[in-house]
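[1] I would like the atomic coordinates for the input below:
(4 chains)
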Number of protein chains: 2
Amino acid sequence: MIRENKAFLEYIIKLKGQDSTHTIIEQEASKGEKIITQRTVVFHVSIVKEGLAKCYLTEDTGNDFIQEFFGAGEVFGELEIFTGELSFCTIETLTPMTYYKIPKKAFLALIQNDAKFNSLVLKLMASKIRYTALRHSYNQSHSLEANLKRVLNEFPDLLHEIPKNDIANYLGITTRSLNRVLKARNEFLS
Amino acid sequence: MIRENKAFLEYIIKLKGQDSTHTIIEQEASKGEKIITQRTVVFHVSIVKEGLAKCYLTEDTGNDFIQEFFGAGEVFGELEIFTGELSFCTIETLTPMTYYKIPKKAFLALIQNDAKFNSLVLKLMASKIRYTALRHSYNQSHSLEANLKRVLNEFPDLLHEIPKNDIANYLGITTRSLNRVLKARNEFLS
DNA sequence: TTTAATTGAGGACAAATGTCCTTTATAACA
DNA sequence: TGTTATAAAGGACATTTGTCCTCAATTAAA
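    Have a look, this model is predicted:
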């Protein structure tokens, strides 16, 4: 749901402190800005410093499917550097955001020369795979109600932080269905 | 669907050739054997040499959700080495299988000391993330019929290679629904 | 303020999918 | 060769979810 990676963020800040050649750039984005666009070339790896973004794929049907929400420390653009393919998703901010950018070359140099950095990247990717697998498995074999309960349990404030349409697109349902479940839930709680 | 990684398999075979201390072990499994069990400690990274396995999660509902099918060159057990957590899925063979096993320590040593190996692992994980994201996005925003058409297009022989129940569990549906769509499809084709 | 644009709620009906069961086919085994 | 498992096929009905609308509430713009 809202993914964070404080350990990685700290490491990047430390690197930036030592970085005399200024390869790590701090950047700002306003709300609603697309930092990466689906099916385009990716030149940088980015790390969220502050703010919230959605990572989503737009299908030929016109539907958006939200992969994850990215908070502090989350990394994007790294996959494309490794696979050499175009971006498979769009990164769009939900709030104003500051983030760090590392050019492809510098990122690959860090992978080669900084064992700690390399290990953090391996770990972060492993954890993306694990998290996604658990999520989709759960979602497939549980009811909408259970899925919603699960995310609201982990993020009680979600409905205030993220537009309903985005929550629905994350769960792979329509807003109509989301509203139906929310209503049933409220009636039950009262 | 059926994932393969020939480049990695070749590299492992090359390593095994040079491996005087015999840390890379070749192993056999019969059909239906569980090589890794969900929620247990993982001691080795494994690479499929020959055969087919399913990678699945069992939910508290009793449902199995199939993450992927693994063919030649596919790697499993690596995520748990990096995250330090228990296995989140079960690996069970669908055919007799031969595979290579690398102990955790030796695997981490390769990551540290063999840049080419490290780069192959980064690439393989990036590609798992990408593939899974594309798959779930597609599946969420298309009809069952379209989803089935997509996999049958990529793997025309699928219905003969893999039991229907497994295909259904991969698509996140019941066999009843799968049969319904297959029937409609056959009627249309004839 | 008024007007337009965006977001949220929900009714009514249609379509997709699941549940439960029964029957047949096929493979494995004593 | 008969007997028991296991996989496949599909009927009937219930439930879930989507589609298409309409309307209200909120926010942004004129």
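[2] surely residue A:103 meets residue A:44?
    Yes: using C-beta atoms under 8 Å, residue A:103 makes contact with residue A:44 at a distance of 5.7 Å. For the C-beta atoms, the positions are set from N, CA and C on the backbone; glycine is no exception.
[3] what about the longest helix in chain A?
    In chain A, assigned by DSSP state H, the helix with the most residues is helix A:115-141.
[4] distance from it to the middle of the chain?
    What separates the centre of helix A:115-141 from the centre of its chain is 12 Å, taken as C-alpha atoms, centre = their mean, to the nearest Å.
[5] so which bits of that helix are buried?
    Using 16 or more other C-beta atoms under 10 Å in any protein chain shown as the test for burial, helix A:115-141 gives A:117-118, A:120-130, A:132-141.
[6] what does stretch A:53-71 give?
    By 16+ other C-beta under 10 Å, the buried positions in stretch A:53-71 come out as A:53-58, A:63-71.
[7] rank the residues you listed by pLDDT and give me only the lowest.
    Lowest pLDDT among those: residue A:63, with 89.
[8] tell me where chain A has strands.
    A:2-3, A:25-29, A:34-36, A:44-50, A:53-58, A:64-70, A:75-76, A:90-93, A:97-103 (DSSP state E).
[9] could I get these as TSV with distance to chain B?
    Below are these laid out as TSV (distance: least, C-beta to the nearest C-beta, whole Å):
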stretch	distance to chain B
strand A:2-3	13
strand A:25-29	22
strand A:34-36	13
strand A:44-50	12
strand A:53-58	4
strand A:64-70	4
strand A:75-76	11
strand A:90-93	12
strand A:97-103	15
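[10] neighbour count: residue A:103 and residue A:44, which is higher?
    More crowded of residue A:103 and residue A:44, by other C-beta atoms under 10 Å in any protein chain shown: residue A:44, with 22 against 15.
[11] please name the bridge partners of the nearest residue to the more buried one once chain neighbours are set aside.
    Setting aside the residues directly before and after it, residue A:44 is nearest to residue A:101 in space (C-beta to C-beta, 6 or more residues apart in numbering or on different chains), at 4.5 Å. On the basis of DSSP bridges, residue A:101 is bridged to residue A:25, residue A:46.
[12] just the pLDDT for residue A:101.
    For residue A:101, the predicted pLDDT is 96.
[13] isn't it right up against residue A:27?
    Yes: with contact defined as C-beta under 8 Å, residue A:101 counts as touching residue A:27 (5.5 Å).
[14] okay, the two: which has more neighbours?
    Neighbour comparison, residue A:101 and residue A:27: the larger count goes to residue A:101, with 18 against 13 (by other C-beta under 10 Å).
[15] which residues does that one contact?
    Contacts for residue A:101 (C-beta atoms under 8 Å, 6 or more residues apart in numbering or on different chains) come out as A:24-27, A:44-46.
[16] if you set the cut-off to 6 Å instead, what comes out?
    By C-beta atoms under 6 Å, 6 or more residues apart in numbering or on different chains, the contact set of residue A:101 is A:25, A:27, A:44, A:46.
[17] mind listing residues that contact stretch A:143-150?
    Defining contact as C-beta under 6 Å, 6+ apart, one finds that stretch A:143-150 is touched by A:139, A:171, A:181.
[18] between the residues you listed, which sits nearest DNA strand C?
    Distance to DNA strand C across these (C-beta to the nearest atom of the strand) is lowest for residue A:181, with 10.1 Å.
[19] what number of residues lie near the closest one?
    Using other C-beta under 10 Å, residue A:181 has 18 neighbouring residues.
[20] pLDDT below threshold where in chain A?
    Applying pLDDT under 70 to chain A flags residues A:189-190.
[21] per-domain residue ranges of it.
    For chain A, automatic domain parsing gives the domain ranges A:2-141, A:142-190.
[22] closest to residue B:39 out of those?
    Closest approach to residue B:39 among these (C-beta to C-beta): domain A:2-141, 11.8 Å.
[23] are the closest one and DNA strand C in contact anywhere?
    No: using C-beta under 7 Å from any atom of the strand, domain A:2-141 stays clear of DNA strand C, coming no nearer than 8.2 Å.
[24] now the residue in chain A that DNA strand D sits nearest to, nearest residue through space, not along the chain?
    For chain A and DNA strand D, the shortest gap (C-beta to the nearest atom of the strand) falls at residue A:177, measuring 2.9 Å. Nearest non-adjacent residue to residue A:177, counting by C-beta to C-beta, 6+ apart: residue A:144, 6.3 Å away.
[25] relative to residue A:185, how far out is the one you found?
    In this view, residue A:144 and residue A:185 are 11 Å apart by C-beta to C-beta, to the nearest Å.
[26] any chance of a markdown table for the strands of chain A, columns distance to residue A:13?
    Shown next, in a markdown table, are the strands of chain A (distance: least, C-beta to C-beta, whole Å):
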| stretch | distance to residue A:13 |
| --- | --- |
| strand A:2-3 | 18 |
| strand A:25-29 | 10 |
| strand A:34-36 | 19 |
| strand A:44-50 | 8 |
| strand A:53-58 | 19 |
| strand A:64-70 | 17 |
| strand A:75-76 | 14 |
| strand A:90-93 | 20 |
| strand A:97-103 | 8 |
